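Asks: Need coordinates for the below:
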Amino acid sequence: MDSEPVKSIVVGSGEDFDLELHLNDLQWLIINCATQRQTYQQIADISGYDHDYIKHVAADLWHLLSSITGEAVSKHNFQSVLKRYQRSQSTLASDSSQVSASPSSLAYSQQVSIEAQEIRWIGRQALISELSQKILGNCRILSLVGITGIGKSSLAVRLALEPTITQKYSHLLVIHCSDPIDTFEDMVRQILGVNSPQEEAPQSSTELLPLLINHLQQNAILLILDALEEIVITKKNGAYQFSDSRFEAFFSQFLKVESMPARYIFTSQISPPMLDQGRYRCRMHVESLQGLSLDESLDLFSAWEIPAKNLIEQNYLQRYCQAYEGHPLALQVIAGEIIEPPYSRNITAYWNEFGAEIEALEQTQLHRDNQQHQHDTFNLASYSLSLADLVEQRVEQTFKRLREQYFLAYQLLCMGSIFRSAVDKEGWLFLIYDAAAKEQIHAFQTLQRRFLLEMHLENSKVHYRLHSLIRSVALEHLDQLDAEFSA
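Replies: Got it, this is the predicted structure:
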């Protein structure tokens with residue numbers, strides 16, 4: 001469909017909101033139908049398009065409006081957001097410099113290439129406010145860390161779209177380390193906007209570092225370095241360092257210089273390497289992400305248009321959310337399965353098919369004897385095809401890297417799956433008692449740094465356990481290890 005300029009969007013109460021956009025016919029249909037509170041399925045029926053395609057187009061549309069308004073936009077709130085934006089623009093209308101800045105906000109949005117998902121707009125409001133203040137303050141490097149799929153990248157983009165952030169930072173650049181960034185020069189070229197190596201004259205570290213630092217000192221740029229673990233390696237002692245030493249030199253200088261308007265947001269499955277021996281910790285902050293709360297998790301299902309028809313179905317959804325501890329990615333896959341045939345949003349039918357697996361998990365969570373699992377019969381992370389694919393693509397990659405980089409830590413992770421509840425550090429180390437004491441500590445600390453262990457305070461002592469999603473995969477790998485050792 002060809003795009004056509006839309007000069008006016010009706011936002012309710014007979015008001016017109018002047019917003020220069022280029023929307024195609026389908027996007028315009030979504031706007032109109034959403035104004036009438038029609039569901040995506042109803043829009044699909046009207047348009048003749050597939051339901052999932054409608055949701056994909058709508059997600060891009062809400063993302064575009066979010067980028068322009070600087071506020072999180074969804075099908076449920078777009079009218080109120082546009083009204084607020086209309087009022088703010090009317091207030092600024094007399095200031096021509098502010099009016100002319102509108103195209104720059106679109107340029108800002110075009111740098112956001114992380115996939116738009118409704119997850120990023122659900123919950124974490126208090127955390128978003130807190131972290132925004134850190135970015136606007138003295139924190140130059142904000143690290144969002146946690147297990148795979150917990151929502152680090154989504155939160156990073158959500159922070160970047162906060163109105164106070166977009167007002168202060170003129171440009172946003174998202175750098176995906178998994179693309180990959182092979183060298184320090186690759187990052188420099190992306191930041192400076194150079195498209196090919198031949199276009200950039202400086203090649204040595206002595207030329208590149210001052211050039212980059214000077215550029216960032218003169219420009220209020222917000223940079224998201226996504227999947228930092230891809231450019232980090234493990235040293236022999238189990239600590240982390242950048243694969244290219246120039247990254248460490250650059251980030252240390254980035255923290256050290258007196259004036260620095262630019263800011264970095266790291267997302268990572270591991271702890272970021274220590275910079276400049278920890279001298280500038282006041283200019284860094286590490287935020288370890290946990291799962292969504294129960295209310296936030298249930299809001300996700302509402303956003304995905306999976307309504308509970310009665311209290312029984314509400315209870316089923318709550319149990320799924322609690323079983324997966326609010327893990328956004330796991331809940332998203334479950335929701336995707338409930339939506340698809342043969343369940344077609346029938347929560348009860350889905351529970352009748354797979355509820356026994358959740359009941360089994362609930363029983364293990366209640367059982368606190370910390371005894372060996374005796375090859376638990378449930379297989380939580382792969383009880384259905386789509387979730388199995390998800391585990392293979394995401395969590396399995398984490399296990400693969402750990403096995404390749406530090407086998408003893410991988411072995412400890414797999415063996416730790418025998419614990420049904422949190423165990424103290426000594427209990428974990430006993431699993432690898434035949435290794436040297438120093439190696440035991442390094443293996444345990446490796447799991448900590450990779451955020452594969454969750455801490456719980458019990459009787460004034462710290463205990464550790466695996467997230468249920470990680471444990472279910474670890475159980476499978478433990479069986480594989482047993483088979484390898486017995487062969």
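Asks: Please count neighbours and contacts with C-alpha atoms only from this point.
Replies: Noted.
Asks: What residues of the helix or strand Pro210 falls within count as buried?
Replies: Secondary structure assigned from DSSP states H and E places Pro210 in helix 205-218. Residues of helix 205-218 classed as buried by neighbour count (16 or more other C-alpha atoms under 10 Å): Leu208, Leu209, Leu212, Ile213, His215, Leu216, Gln217.
Asks: same check, this time on stretch 411-425
Replies: By neighbour count on 16+ other C-alpha under 10 Å, the buried set for stretch 411-425 is 411-424.
Asks: Tell me the one of those residues nearest Glu454?
Replies: Nearest to Glu454 among those: Ala422, at 8.4 Å, using C-alpha to C-alpha.
Asks: Using CSV, write out every CA atom in the helix holding Pro210.
Replies: Provided in CSV are the C-alpha atoms of helix 205-218 (Å, rounded to 0.1, in the frame of the first residue of the first chain):
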residue,chain,number,x,y,z
SER,A,205,44.5,4.2,19.5
THR,A,206,46.3,7.4,20.1
GLU,A,207,44.2,9.1,17.3
LEU,A,208,40.9,7.3,17.9
LEU,A,209,40.5,7.8,21.6
PRO,A,210,40.8,11.6,21.6
LEU,A,211,38.7,11.9,18.5
LEU,A,212,35.8,9.9,20.0
ILE,A,213,36.0,11.5,23.4
ASN,A,214,36.1,15.0,21.9
HIS,A,215,33.1,14.1,19.7
LEU,A,216,31.0,12.9,22.7
GLN,A,217,32.0,16.0,24.7
GLN,A,218,30.6,18.2,22.1
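Asks: helix or strand right after that helix?
Replies: Assigned by DSSP H and E, the successor of helix 205-218 is strand 221-226.
Asks: got the angle between that next one and helix 205-218?
Replies: Orientation check (axes from the mean of the first three to the mean of the last three C-alpha atoms, to 10 degrees): strand 221-226 against helix 205-218 gives 120 degrees.
Asks: rewinding a little: which ones among the buried residues of stretch 411-425 lie within strands?
Replies: Using DSSP state E, the subset of the buried residues of stretch 411-425 located in strands is Val423, Asp424.
Asks: Can you give the distance from the helix holding Pro210 to the centre of its chain?
Replies: 30 Å (C-alpha atoms, centre = their mean, to the nearest Å).
Asks: Mind giving me the packing neighbours of it?
Replies: helix 184-192, helix 245-256 (3 or more C-alpha pairs under 8 Å, 6 or more residues apart in numbering; DSSP states H and E).
Asks: which residues of the stretch 151-300 of the chain score low on pLDDT?
Replies: Within the stretch 151-300 of the chain, the ranges that satisfy pLDDT under 70 run 178-182, 194-206.
Asks: Pull the number of nearby residues for Cys33.
Replies: As a burial measure, Cys33 scores 17 neighbours (other C-alpha atoms under 10 Å).
Asks: ugh, typo on my part, it should be Leu131
Replies: 19.
Asks: for the one 5 residues further on, same thing?
Replies: Burial measure for Leu136: 15 neighbouring residues, criterion other C-alpha under 10 Å.
Asks: quick one: contacts for it?
Replies: Residues in contact with Leu136 (C-alpha atoms under 8 Å, 6 or more residues apart in numbering) are Ile165, Lys168.
Asks: Tell me the predicted confidence for it.
Replies: Leu136 carries a pLDDT score of 96 in this model.
Asks: Also Gln86?
Replies: Gln86 is given a pLDDT of 66.
Asks: May I ask you to confirm that Phe266 belongs to a helix?
Replies: No - counting by DSSP: H, G, I helix; E, B strand; the rest coil, Phe266 is located in no helix; its state is strand.
Asks: Show me what it bridges to in the sheet.
Replies: Phe266 has these beta-bridge partners by DSSP bridges: Ser143, Leu225.
Asks: Give me the distance between it and Arg420.
Replies: As judged by C-alpha to C-alpha, to the nearest Å, Phe266 and Arg420 stand 32 Å apart.
Asks: try Thr166
Replies: Distance of Thr166 to Arg420, computed by C-alpha to C-alpha: 45 Å.
Asks: before we move on, what about Ala303?
Replies: The spacing between Ala303 and Arg420, counted by C-alpha to C-alpha, is 33 Å.
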